[in-house]
Each structure stands twice: as structure tokens, then as C-alpha cells.
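K.L.:
Just the structure for this:
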Amino acid sequence: MTWAAEGPSGGNTYNRELVAALRERGVPVEVRAVPGRWPEPTAADRAALAAALSAPVALADAIVACAAPAEVAAAVAAGRTVAVLLHMLPSAEVGLAPAERERRVRDERAALAAASAVVCPSAVAAAEVARRYGVAARVAPPGARPAPLAAGSRPPRLLALAALTATKDQLTLVRALARLPDLGWTARLVGPTDADPGYAAAVRAELAAAGLTGRAVVTGPKVGATLEAEWAAADLLVLPSRTETFGLVVLEALAHGVPAVVGAGTGAVEALAAGAAGAEAGSAAPGAAVPPGDPAALASALRAWLTTPALREAWAHAARARRPRLPGWDLTAAQVLGALG
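P.N.:
Okay, the predicted model is just below:
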């Protein structure tokens, strides 16, 4: 059970890959995309969700379930299993008006309490759900598909792959890059620009004001072969999000042998540790974590990477070493089935 938006995102990728992995295990799956203005539904949108929850067992994306607690509760009371798949707490979106955030918190608390089970993609996210709402969530981290090894670029290419929103915080990256005009690099900001057009415009304006237009390019969304071309040219993923339940794009980076810089304290740190089991003792991590929203700290990490060949090679070697040890989606499917009982 998900919303009808089909644009590229980590949540949509997780849903699609999970469905494929469940079907490979012989589990019959019906995908029901519920139209509407989620997570700000109308009464008609909630009625459509109620009808979709008629199945005996439903795994509902939090973007819809957390906005319709009464419908979730009614389905469970009728004897049906409704598990919530929590890619992100809707109330954690940066920039919400206080009244809207309060509404989302209230609805999240009721929906998660009513659900038969809650599934999160990381231990960080599960701990946050427990802290906020006292709900014990199961953890089902995403998997990664094998991918071609990135060749990289000269000068080094930075890749930021996410929708341009305040939550993903590309402005912090732009402000960090503005502190590095003396170094050789290029950057690509890849992802949808229509989720928050005003924010996307602000990113472009700051790039222009900093004199970075041409060195750092906002490309819009990429999928398929055009996205693979971006990965092939990348040397470092930068994910400066203010909050992340996991950061599937980090797994995708490691699958391509690309290290990453992520936000400290977010689920992306957990993603950066994927495949670490079996690594050589004392081996380098495939990247680093920096405080979210801190352009100076991000600029310092990028300057160190750009000016220290040994550090670049250590991160790249660690990322390449993780590739054969990354989990597959079959494990994700097994963990979700366990949560569904």
C-alpha cells in the first residue's frame, strides 16, 4: 500500500525492490497505489485508503498510513493485519508550519499505536519511533543490487543524489562548496526539483551568487542509463540530509564502489556501515559523517578528501571492498515477512 507518486526516491525504490523480492520467494503481492494529497489527505483520499485496506494483510507506506490513523485502526479492529512501513516520519520534514507538524505528530502517534506492526529500515529509525511514541518497531534494512564499478572523473566529481528539499539540505552542500573555490572538483546535484520548487530555486540562486554555476550543476531527476552514467563518473557521494531513516542511496554508492559523506546522527551512518562485517580489523570506513546543517564542517571534510590522495584512496578502497558484502533484497523480504507474522 503506497501513494501514487512514482518519482525517483529511496522509499519508492525500497517498495519496488521489496515487492520483487517477495514475489521471488513465491509470496503473492498486490500493489495498491492510493491516489491523493498524501501526507495531507482529503476525506476522499482517506476513504480510498480505507477501501484499499480491505486485504487480510497490508503493508502500508507511512506516507499514507500515518495520515489516516482512524482508517488504520478500523482495519485492525476488523481483524485485518496492517503493518506500517516507515521510510520517514512525515512530521520530520524540515520547514513545516508548527500547526501542520503538530497534526502530523498527533496522527503518527495514533496510527503507529493502532498498527499491527511497524517496520523501519534502520535501528536508528526504530529507536526514534520508540523514543517519540513508545512503539517497538521491527528493522528491515534495504538491500543492494550488484552494480558496475564507478570509473570516477578528473577532477574529482561529487554527486548529491536526492530530491531538492530542505530536508535533504543541498544548501549546506552549496555553502560548503563555496568555501572550496581554490580546489579542483565538479559537482552534480541530481534529483527531482518539483517537490519544493522554491527550495530548488534557492539552491540555483546560491550557486549563481557563489560563482559556482557550471562547476556544480542541478540536473533534475535521472533514472536508468542516465543515472548509471552519473554513478560511473562519481568519486564521492555527498548526502547532507538533516534527517534520514536510512539513506538507500548510500548503499547504491557502495555498490558502485563510491564512498560517501553523510550526516552524523542520521540513519545514513548505519547505511555507511553496511557490509562492514568481515572487513579487515582497523580498515578505513568508506567515508565520513559530519554534523548536519554545518557548511564549515562539510567543507573541512571535503577539503581533506580533495587534498589528501591517501585519504581518497583509503575511502575508495574501503567502498570497493564492501561491494561483495552488501546485503541483498532477499534478506529484506525475510525480515519484513517476519514482522508480518
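
K.L.:
So what's the gap between stretch 230-243 and the chain middle?
P.N.:
12 Å (C-alpha atoms, centre = their mean, to the nearest Å).

K.L.:
quick one: the helices in the stretch 1-150 of the chain?
P.N.:
Counting by DSSP state H, counting those that start in this stretch, one finds helices in the stretch 1-150 of the chain at the ranges 10-24, 43-52, 62-65, 69-77, 98-114, 123-133.

K.L.:
Put the alpha carbons of the shortest one into CSV.
P.N.:
Backbone C-alpha positions of helix 62-65 (Å, rounded to 0.1, in the frame of the first residue of the first chain) are rendered in CSV as follows:
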residue,chain,number,x,y,z
ALA,A,62,3.9,5.6,6.4
ILE,A,63,3.3,8.4,4.0
VAL,A,64,-0.3,7.2,3.7
ALA,A,65,-0.8,5.2,6.9
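
K.L.:
pLDDT score for the closest residue to Gly184 other than its chain neighbours?
P.N.:
Leaving aside its sequence neighbours, Gly184 sits nearest to Pro155 (C-beta to C-beta, 6 or more residues apart in numbering; 3.6 Å). (Each C-beta comes from the backbone N, C-alpha and C, glycine too.) Reported pLDDT at Pro155 in the predicted model: 97.

K.L.:
Kindly report the domain assignment for this protein.
P.N.:
2-143+329-340, 157-325 (automatic domain parsing).

K.L.:
possible to save those domains as TSV with mean neighbour count and distance to Ala150?
P.N.:
TSV is the format used below for these (neighbours: other C-beta atoms under 10 Å; distance: least, C-beta to C-beta, whole Å):
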stretch	mean neighbour count	distance to Ala150
domain 2-143+329-340	18	18
domain 157-325	19	4
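
K.L.:
now for the ones you listed, which one comes closest to Leu149?
P.N.:
Nearest to Leu149 among the domains of the chain is domain 157-325; the distance by C-beta to C-beta comes to 4.6 Å.

K.L.:
okay, how far is it across that closest one, tip to tip?
P.N.:
25 Å (C-alpha to C-alpha, to the nearest Å).

K.L.:
Wait, Ala321 touches Ala285, no?
P.N.:
No: look at Ala321 against Ala285 with C-beta atoms under 8 Å: they stay out of range, at 10.8 Å.

K.L.:
joint contacts of these two?
P.N.:
Here Ala321 and Ala285 have no joint contacts, going by C-beta atoms under 8 Å, 6 or more residues apart in numbering.

K.L.:
Pipe the helices of the stretch 1-150 of the chain into TSV and attach mean pLDDT per row.
P.N.:
Formatted as TSV, the helices of the stretch 1-150 of the chain follow (pLDDT from 0 to 100):
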stretch	mean pLDDT
helix 10-24	93
helix 43-52	94
helix 62-65	94
helix 69-77	97
helix 98-114	97
helix 123-133	95
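
K.L.:
could you redo those helices as a markdown table and give each row distance to Glu270?
P.N.:
Shown next, in a markdown table, are the helices of the stretch 1-150 of the chain (distance: least, C-beta to C-beta, whole Å):
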| stretch | distance to Glu270 |
| --- | --- |
| helix 10-24 | 13 |
| helix 43-52 | 30 |
| helix 62-65 | 18 |
| helix 69-77 | 27 |
| helix 98-114 | 20 |
| helix 123-133 | 5 |
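
K.L.:
Out of those, which is closest to Thr332?
P.N.:
helix 10-24 (6.0 Å).

K.L.:
Just the residues contacting the closest one, thanks.
P.N.:
2, 5-6, 29, 31, 61, 63, 85, 87-88, 121, 142-143, 145, 246-249, 328-330, 332-333, 336-337.

K.L.:
and that helix, how far from the chain's centre?
P.N.:
Taking mean C-alpha positions (C-alpha atoms, centre = their mean), helix 10-24 and its chain are 14 Å apart.

K.L.:
Just the C-alphas of that helix, formatted as PDB.
P.N.:
The C-alpha trace of helix 10-24 is given here as PDB (Å, rounded to 0.1, in the frame of the first residue of the first chain):
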ATOM      1  CA  GLY A  10      14.700   5.900  -1.800                       C
ATOM      2  CA  GLY A  11      11.300   4.900  -0.400                       C
ATOM      3  CA  ASN A  12       9.900   4.100  -3.800                       C
ATOM      4  CA  THR A  13      12.900   2.100  -4.700                       C
ATOM      5  CA  TYR A  14      12.600   0.100  -1.400                       C
ATOM      6  CA  ASN A  15       8.900  -0.600  -2.100                       C
ATOM      7  CA  ARG A  16       9.600  -1.800  -5.700                       C
ATOM      8  CA  GLU A  17      12.600  -4.000  -4.700                       C
ATOM      9  CA  LEU A  18      10.700  -5.400  -1.700                       C
ATOM     10  CA  VAL A  19       7.800  -6.400  -3.900                       C
ATOM     11  CA  ALA A  20      10.100  -8.100  -6.400                       C
ATOM     12  CA  ALA A  21      12.000 -10.000  -3.600                       C
ATOM     13  CA  LEU A  22       8.700 -11.200  -2.000                       C
ATOM     14  CA  ARG A  23       7.400 -12.400  -5.400                       C
ATOM     15  CA  GLU A  24      10.700 -14.200  -5.900                       C
END
